[in-house]
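Peer 1: here you go, sequence then predicted model.
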Amino acid sequence: MSRVRIPPTLRGETQGQREVEARGGTVRELLDDLMGRFPALRSQLLEDDDLAPFVNVYVEGEDVRTKDGLETSVDDGSTVILLPAMAGG
């Protein structure tokens, strides 16, 4: 299992949890496991079956967009961080 850190903006979808465990050998599998338990996250994280443009996912501190995207490997025990972009002005 891996630990997924949930930012404050998404905690309403995870019943207030700051961190949850999820299974998966890739980011896609891990997110599928997570969204299976917290379905409201799907619309927050994915768009057309890919990462939404305003969402960043980090595996052990590395942005998955600079690796293999949703197919980025996730080792058991990894820390995954979900980080929606914030807008302001």
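Peer 2: Noted; the coordinates are in hand. This one's a predicted model, so the numbers in the text were calculated from it and none came from an experiment.
Peer 1: assign the residue lying closest to Val80 once chain neighbours are set aside to helix, strand or coil.
Peer 2: Of all residues not flanking Val80 in the chain, Val4 sits nearest, at 4.7 Å (C-beta to C-beta, 6 or more residues apart in numbering). The way it works is simple: take the backbone N, C-alpha and C, and place the C-beta from them, glycine included. Classification of Val4 by DSSP: H, G, I helix; E, B strand; the rest coil places it in strand.
Peer 1: who does Val4 form a beta bridge with?
Peer 2: Val20, Val80 (DSSP bridges).
Peer 1: tell me which residues touch it, please.
Peer 2: The neighbourhood of Val4, defined by C-beta atoms under 8 Å, 6 or more residues apart in numbering, consists of Glu19, Val20, Glu21, Ala22, Leu30, Leu34, Val80, Ile81, Leu82.
Peer 1: hmm, Leu82 and Arg5 touching each other?
Peer 2: Yes - between Arg5 and Leu82 there is a contact under C-beta atoms under 8 Å: 6.9 Å.
Peer 1: when these two are compared, which one has more neighbours?
Peer 2: More crowded of Arg5 and Leu82, by other C-beta atoms under 10 Å: Leu82, with 20 against 15.
Peer 1: name the element the more buried one belongs to?
Peer 2: Assessed by DSSP states H and E, Leu82 sits inside strand 79-84.
Peer 1: how distant is that strand from the center of its chain?
Peer 2: Here strand 79-84 is found 5 Å from its chain centre; the criterion is C-alpha atoms, centre = their mean, to the nearest Å.
Peer 1: go ahead and name everything in contact with that strand.
Peer 2: With C-beta under 8 Å, 6+ apart, strand 79-84 has contacts from 2-7, 9-10, 22, 27, 30, 44-45, 54-61, 74.
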